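sequence first, then the predicted structure:
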Amino acid sequence: KKSLRQKAVDELKHYYNGFHLLWTDTKVAARMVWRLLHGQVLTRRERRRLLRTCADLFRLVPFLVFVIVPFMELLLPVFLKLFPQMLPSTFETESKKEEKLKKKLNARLELAKFLRETIAEMAKRNKADTG
């Protein structure tokens, strides 16, 4: 079990890394905007990254309130439970990323199962109509 001091140091490292990644993403996004303004076309991947970075910058405003106001970070888990998408993507932990991927995979599996059943039912109807 980690000590309280070690937990605090880990949290500070997490926030430092998150801000560092956000700063890097912002610099890359600024270059992409510069390219857009000069008539170049972005690839699909670049466009998605630009949109994610812009969304992260807009999410940063309410998140900064929790970081700046003293003892407000104690309420951060409550607000994250109420508003799970409030945290910028660069601040997500690995467990949250894995959880999100699992949910997405389960949704895709359910959709695939539904489509398979629908196609099987349509095949049965076509056999019955032509048979």
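Arrived safely.

what sits against the residue nearest the centre of the chain?
By C-alpha atoms, centre = their mean, the mean C-alpha position of the chain lies nearest to S89, the distance being 4.8 Å. By C-beta atoms under 8 Å, 6 or more residues apart in numbering, S89 lies in contact with 52, 55-56. In short, each C-beta sits where N, CA and C put it, glycine included.

please, a ChimeraX command that selects the buried ones among these?
ChimeraX command restricting the contacts of S89 to the buried ones, with burial defined by 16 or more other C-beta atoms under 10 Å:
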select :56
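
okay, the contacts of S89 in TSV with pLDDT next?
What follows is the contacts of S89, written out as TSV (pLDDT from 0 to 100):
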residue	pLDDT
R52	92
A55	91
D56	89
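
export the contacts of S89 to CSV and append columns for distance to L42.
Below are the contacts of S89 laid out as CSV (distance: C-beta to C-beta, whole Å):
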residue, distance to L42
R52, 13
A55, 16
D56, 17
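
between the contacts of S89, which is closest to R31?
Of all those, R31 sits closest to R52, with 15.1 Å by C-beta to C-beta.

helix or strand: which one has the closest one?
helix 44-68 (DSSP states H and E).

got the buried residues for that helix?
Buried, per 16+ other C-beta under 10 Å, within helix 44-68: 46, 49-50, 53, 56, 59-60, 63, 66.

same for that helix, what does it pack against?
helix 4-37 (3 or more C-beta pairs under 8 Å, 6 or more residues apart in numbering; DSSP states H and E).

buried set for the helix it packs on?
18, 22, 25-26, 29, 32.

for T90, what are phi and psi?
Main-chain torsions, T90, degrees, to the nearest 10: phi -80, psi -10.

what about it, distance to L21?
4 Å (C-beta to C-beta, to the nearest Å).

for R125, same thing?
52 Å.

the helix holding R52: what's the following helix or strand?
Using DSSP H and E, the helix or strand that follows helix 44-68 in sequence is helix 76-82.

which of the buried residues of helix 44-68 sits closest to E11?
The closest of the buried residues of helix 44-68, once distances to E11 are taken by C-beta to C-beta, is F66, at 12.2 Å.
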